[in-house]
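Q: Need a 3D model of the sequence below.
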Amino acid sequence: MGKQVSLTVPDEVMRRAEVLAGHSGRAVAEVLTDAIEASLDPLSFTSSATDAIGELSDAQVLELADSTMAPADDRRLSELLARKNEGVLLMPERDELTPLMQSYQEGLLRKAQAIREAVRRGLRPSPAP
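A: Numbering: from 1, shown residues only. This next block holds a predicted model:
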């Protein structure tokens, strides 16, 4: 059993959820719940990943803090996001976008954790507010 919450979602998000619900024979609330759950999946490894970062050497922490997405993946992600914003993203492209976006989110989270660890160890100054 879960908790019930009230959300205000953009009209376009609601329209897409309604279309997907209609095509799949599911309730809109179920479609939205699944979408939220899928978008939060990259965060499910947070505590174990944070612990693992604490065990890295200083050099490894700094390397992770400076990490970036592979240039080819970054370009493709940008292309797909631009197509999505233009409203011309095809279904196969949506299937390609999902893992790229998940990889980006996971990398960004690990990078942030590494920066926090570098600051904690005194390897980097605290970011400006």
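
Q: Just name the shakiest helix or strand of this protein by mean pLDDT.
A: In the chain, the helix or strand scored least confidently by mean pLDDT, DSSP states H and E is helix 46-54, which has a mean of 67.

Q: Could you identify the helix or strand that succeeds it?
A: Downstream of helix 46-54, the first helix or strand assigned by DSSP states H and E is helix 58-65.

Q: which helices and strands does that next one pack with?
A: helix 91-120 (3 or more CB pairs under 8 Å, 6 or more residues apart in numbering; DSSP states H and E). Backbone N, C-alpha and C define where each C-beta goes, glycine included.

Q: elements contacting the helix it packs on?
A: Judged by 3+ CB pairs under 8 Å, 6+ apart, the packing partners of helix 91-120 are helix 46-54, helix 58-65, helix 71-86.

Q: ranking those by mean pLDDT, which is last?
A: Among those, helix 46-54 carries the lowest mean pLDDT, at a mean of 67.

Q: Just give me the neighbour total for V31.
A: Residues lying near V31 (other CB atoms under 10 Å) number 19.

Q: what helix or strand is V5 on?
A: Per DSSP H and E, there is no helix or strand for V5.

Q: and it, how many residues sit next to it?
A: Neighbour tally, V5, other CB under 10 Å: 6.

Q: Right, I'll leave it there.
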